[in-house]
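Sequence first, then the predicted structure:
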Amino acid sequence: MIYLTSDWHFNHDRAFIYKPRGFDSVEEMNQKLIENYNNIVKSEDDVYCLGDCILGGPDKLDQGLELMSQLNGKIHLVRGNHCTDKRWEAYKTLSNIVEQQNAIYLNYQGYHFYLSHFPTLTGNLEKESLKQCTCNIFGHTHQVSKFYNDIPYLYCVCPEAHHNSPVAIDKIILDMNKKVQECINEL
């Protein structure tokens with residue numbers, strides 16, 4: 001199975017991050033993100049994390065790496081705006097990290113996805129189906145809505161949009177197709 005997520009912000013001890021996610025502390029957020037993740041993701045699964053895994057000062061890096069090492073699956077990382085050179089290099093030490101890229105192009109069951117940290121316009125509504133487009137899956141925005149500006153080809157996988165859990169690619173396709181139909185029906 002393939003799952004997508006982003007912006008864990010492990011160790012980001014700021015209320016504007018953990019409070020909107022429903023937590024009273026960064027420690028509670030860290031543990032619940034790992035618990036939710038591991039309840040869904042199995043060791044054989046591929047997970048695409050679209051940036052911003054760890055935050056906090058240099059003294060928090062080792063603790064953040066320890067938290068990431070607890071995550072199941074084969075993790076493919078896309079670089080986010082908080083992925084400093086030091087953090088990016090440190091991620092290479094984790095055995096569950098199998099790939100690190102600035103962005104990833106993913107083909108899945110006839111669908112084409114551009115995986116990035118930032119929302120990126122890649123498609124339009126003039127196509128007859130999602131399979132004719134390159135759809136963007138992104139993080140960064142920490143929005144509750146699954147769609148950026150209500151555009152069916154821009155799908156957010158931030159924890160805030162998915163009850164602090166990764167989302168299966170099949171669910172993303174289902175959500176996107178439903179959104180396309182809603183847009184067509186509005187025309």
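Nice, I can see it. Numbering: from 1, shown residues only.

Please make it C-alpha for all contacts and neighbour counts, starting now.
OK.

any chance you could map the helices in this structure?
Under the criterion DSSP state H, the chain contains helices at 15-18, 26-40, 61-69, 85-91, 169-186.

Give the buried residues for the first one.
Buried residues in helix 15-18, counted by 16 or more other CA atoms under 10 Å: 17-18.

List of residues touching that helix?
By CA atoms under 8 Å, 6 or more residues apart in numbering, the surrounding residues in contact with helix 15-18 are 9, 24-26, 29.

Ok, the fourth one next?
Residues outside helix 85-91 that contact it (CA under 8 Å, 6+ apart): 54, 61, 65, 79, 97.

per-residue pLDDT, the closest residue to residue 101 other than its chain neighbours?
Nearest residue to residue 101, sequence neighbours excluded (CA to CA, 6 or more residues apart in numbering): residue 78, at 5.0 Å. Per-residue confidence (pLDDT) for residue 78: 98.

For residue 47, see how far away residue 78 is.
Residue 78 is 11 Å from residue 47, where distance means CA to CA, to the nearest Å.

And those two? Which one has more around it.
Counted by other CA atoms under 10 Å, residue 78 and residue 47 do not tie: residue 47 has more neighbours, with 29 against 25.

May I have the beta-bridge partners of that one?
Going by DSSP bridges, residue 47 is paired in beta bridges with residue 3, residue 75.
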